[in-house]
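J.: this one's sequence-less:
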């Protein structure tokens, strides 16, 4: 009998029989297949749908451009050929995400894009977003951080999180920060209209003239110089002004209208806190504030 026609050996028949009778073997195989499928699914989830990401480059360009655009310019800015851009734009037009001027042929964001933006703005909570972002930043920098908003009495601390080496600062939730001797107050004085801040500023200027703190602005001219510096740097800082040996930054977060929504505070002890502009505290705090402003719909370029 030729080898190909021979019956399987006894040992192989026993092995086949054992696999057939052993439910654990099937379960092990099924588990392996399930794990493979899960990994494949996770990989697909991570990879996403590339065509959507490519198409959204067109929407990013339209979002950053204040005027309607010709197809060739839009395609060039998005890094694709006009023919490829046109295919995406046809679908976006059908969905109302993009609109086209029937006379000039130029493209701009459509009505559905506006509805998306309005829905986002209606649901977004700036303080909640800031609390999440600052918690991560506090863990990264290990400095005391807080959030301030403008209240009935002035700039008010609404959230506070200590570092592993808390600053000896007697600040509590609900505290109203002084306008002239705190980074928070100077920030709000620099970016809010004087119709809101004027009464507080006038009272503190009158009091500062009797104070021994040389670094606190005492005249309208000194105050304007201090506020000009805040606007120049896009943030406020103080070195031991309100509390001796305590340094602080306060960085602005703007809303969709370009108004100051809240201030992000970072403070720490002299010697253990980097007070330099563009330093280890200022840079990440500024990046955090810019991201939050973007989340609230702010654009530094007028739309």
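T.: Everything's here; your move. In this text the structure is predicted, and so the values were computed from the model without any measurement.
J.: Need the residue closest to the centroid of this protein.
T.: residue 291 (2.9 Å; C-alpha atoms, centre = their mean).
J.: In stretch 135-149, which residues are buried?
T.: Going by neighbour count (16 or more other C-beta atoms under 10 Å), the buried part of stretch 135-149 is 137-138, 141, 143-149. For every residue, glycine as well, the C-beta is placed using N, CA and C.
J.: just stretch 106-123 next, same as before
T.: 107-110, 113.
J.: How about stretch 60-67?
T.: Those would be 61-62, 65, for stretch 60-67 by 16+ other C-beta under 10 Å.
J.: is it possible to export those to TSV including pLDDT?
T.: TSV is the format used below for those (pLDDT from 0 to 100):
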residue	pLDDT
61	93
62	91
65	85
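J.: In helices, which of those appear?
T.: If you go by DSSP state H, those have 61-62 in helices.
J.: What helix or strand is the spatially closest residue to residue 130 that is not a sequence neighbour located in?
T.: Spatial nearest neighbour of residue 130, chain neighbours left out: residue 147 (5.1 Å); criterion: C-beta to C-beta, 6 or more residues apart in numbering. Assessed by DSSP states H and E, residue 147 sits inside strand 144-151.
J.: same deal with residue 225?
T.: helix 220-233.
J.: On the C-terminal side of that helix, identify the next helix or strand.
T.: Following helix 220-233 in sequence order, the next helix or strand is strand 236-239 (DSSP H and E).
J.: what packs against that following strand?
T.: helix 183-191, strand 246-254 (3 or more C-beta pairs under 8 Å, 6 or more residues apart in numbering; DSSP states H and E).
J.: Could you tell me which residues within it count as buried?
T.: Residues of strand 236-239 classed as buried: 236-238 (neighbour count, 16+ other C-beta under 10 Å).
J.: try stretch 182-201
T.: Neighbour-count burial for stretch 182-201 [16+ other C-beta under 10 Å]: 182-192, 197, 200-201.
J.: for the record, mean pLDDT for that stretch?
T.: Mean pLDDT, computed over stretch 182-201, is 94.
J.: end to end, how far does it reach?
T.: Stretch 182-201 has an end-to-end distance of 12 Å (criterion: C-alpha to C-alpha, to the nearest Å).
J.: Among the buried residues of stretch 106-123, which lie within helices?
T.: residue 113.
J.: Format the buried residues of stretch 106-123 as TSV; extra columns: distance to residue 94.
T.: Below are the buried residues of stretch 106-123 laid out as TSV (distance: C-beta to C-beta, whole Å):
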residue	distance to residue 94
107	13
108	16
109	15
110	10
113	13
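J.: is it possible to export the buried residues of stretch 106-123 to a markdown table including pLDDT and distance to residue 123?
T.: As requested, the buried residues of stretch 106-123 are arranged in a markdown table below (pLDDT from 0 to 100; distance: C-beta to C-beta, whole Å):
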| residue | pLDDT | distance to residue 123 |
| --- | --- | --- |
| 107 | 95 | 28 |
| 108 | 94 | 25 |
| 109 | 92 | 20 |
| 110 | 91 | 21 |
| 113 | 85 | 16 |
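J.: Of the buried residues of stretch 106-123, which is the nearest to residue 299?
T.: Nearest to residue 299 among the buried residues of stretch 106-123, counting by C-beta to C-beta, is residue 109 at 12.6 Å.
J.: Toward the C-terminus, what is the element adjacent to the host helix or strand of residue 52?
T.: Using DSSP H and E, residue 52 falls within helix 50-64. Sequence-wise, the next helix or strand downstream of helix 50-64 (DSSP H and E) is helix 71-78.
J.: ok, and what's touching that next one?
T.: Helix 71-78 has contacts (C-beta atoms under 8 Å, 6 or more residues apart in numbering) with 57-58, 60-62, 65, 69, 81-82, 84-86, 89, 105, 107.
J.: pLDDT weak spots in the chain?
T.: 1-47, 121, 124, 166-171, 211-214, 241-243, 302-303 (pLDDT under 70).
J.: If we use 80, what do you get?
T.: For the chain, the stretches flagged by pLDDT under 80 are 1-48, 117-124, 165-173, 208-215, 240-245, 301-303.
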